[in-house]
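1. okay, sequence plus prediction incoming.
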Amino acid sequence: MTDKTLPVAFFDSGLGGISVLREAVRMLPHEDFLYYGDSLHAPYGVRPVEEVVRLSRDAVQLLLGRGIKAFVIACNTATSAAAETLRREFPELPIIGTEPALKPAVERHPGGRILVMATAMTLNEKKFDDLRRHFLREAEIHSVACSGLMEFVERGELSGAALDGYLREKLAPYLDAPIDAIVLGCTHYPFLTGAIRAVVGEGPEILDGSRGIAAQLRRRLDEAGLLRSREQAGRVTFLNSLDEPELLARAEALFHLP
């Protein structure tokens, strides 16, 4: 039986999954977490699917070698490309994936106009296409491919003229009519909520899937008898394939953002 005192692993192509990690720590404060960002190979959204699968498999094997009890793919792109393969290859390991929060957006805004911002790979994968088709009769859904946007977070550039210009260029074609909701379909994007809000105004609700992913993690740990209960708070450890002090410091800074 898996040792319930082992940490939960979080995996992302870089620093974006820290947005999900923050919610998981709030929901499961007694757990230890091990966050692994693959910034060496970021961004995943421009890589072939087969390569994303290989990189994701390498991450699982690396983290299993350190000792983990569950694996969260805190990356929409890696989930779309690799989650099914990883679940087949590591059947004993609870693997929790990520998907754009389109379902709650449609439930909160039936018949509304909804934008989904994500990488091109996420939007082109069958997983998202099936999700979008399921809700097409219930809302007007627009996909906005945002290649290059996650790199702003990787650089620690969460505001400024360059980011504002990028967002205005991407979102301008959709601002001619009211927007009811914006779904952030990449775990990097929640760190840019303020910049997105400055472009789209106060009207649209901005949603991401962090809370749902953390809740699913809690359910899976509970079902497997792996929830940890103790008095003191758990620990968070950051690792990155680019073992650079500046990058690890940026990860800590994002984790501790207000």
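-> Everything's here; your move.

2. so which helix or strand takes in the closest residue to Ile141 other than its chain neighbours?
-> Sequence neighbours aside, Ile114 is the residue nearest to Ile141 in space, at 5.2 Å (criterion: C-beta to C-beta, 6 or more residues apart in numbering). For every residue, glycine as well, the C-beta is placed using N, CA and C. In the assignment (DSSP states H and E), Ile114 maps to strand 113-118.

3. which strands and helices lie in contact with that strand?
-> Other elements packing on strand 113-118 under the criterion 3 or more C-beta pairs under 8 Å, 6 or more residues apart in numbering; DSSP states H and E are helix 102-108, helix 126-135, strand 140-145, strand 181-184.

4. pretty sure the residue nearest to Ile141 contacts Ala139?
-> Yes: using C-beta atoms under 8 Å, Ile114 makes contact with Ala139 at a distance of 5.2 Å.

5. grab the most central residue of the chain for me.
-> For the chain, the residue nearest the mean C-alpha position is Thr187 (2.9 Å; C-alpha atoms, centre = their mean).

6. how about it: what's its closest non-neighbour residue?
-> Closest residue to Thr187 apart from its sequence neighbours, by C-beta to C-beta, 6+ apart: Gly16 at 3.9 Å.

7. and the nearest residue to Pro43 once chain neighbours are set aside, how many neighbours?
-> Residue nearest to Pro43 in three dimensions, not counting chain neighbours: Met150, with 5.5 Å by C-beta to C-beta, 6+ apart. Counted by other C-beta atoms under 10 Å, the residues lying close to Met150 total 28.

8. related to what we said a few turns ago, who's in contact with the strand holding Ile114?
-> The contact list for strand 113-118 (C-beta atoms under 8 Å, 6 or more residues apart in numbering) reads 76, 100, 102, 105-106, 123, 128, 132, 139-146, 149, 170-171, 174, 177-186, 189, 196, 204.
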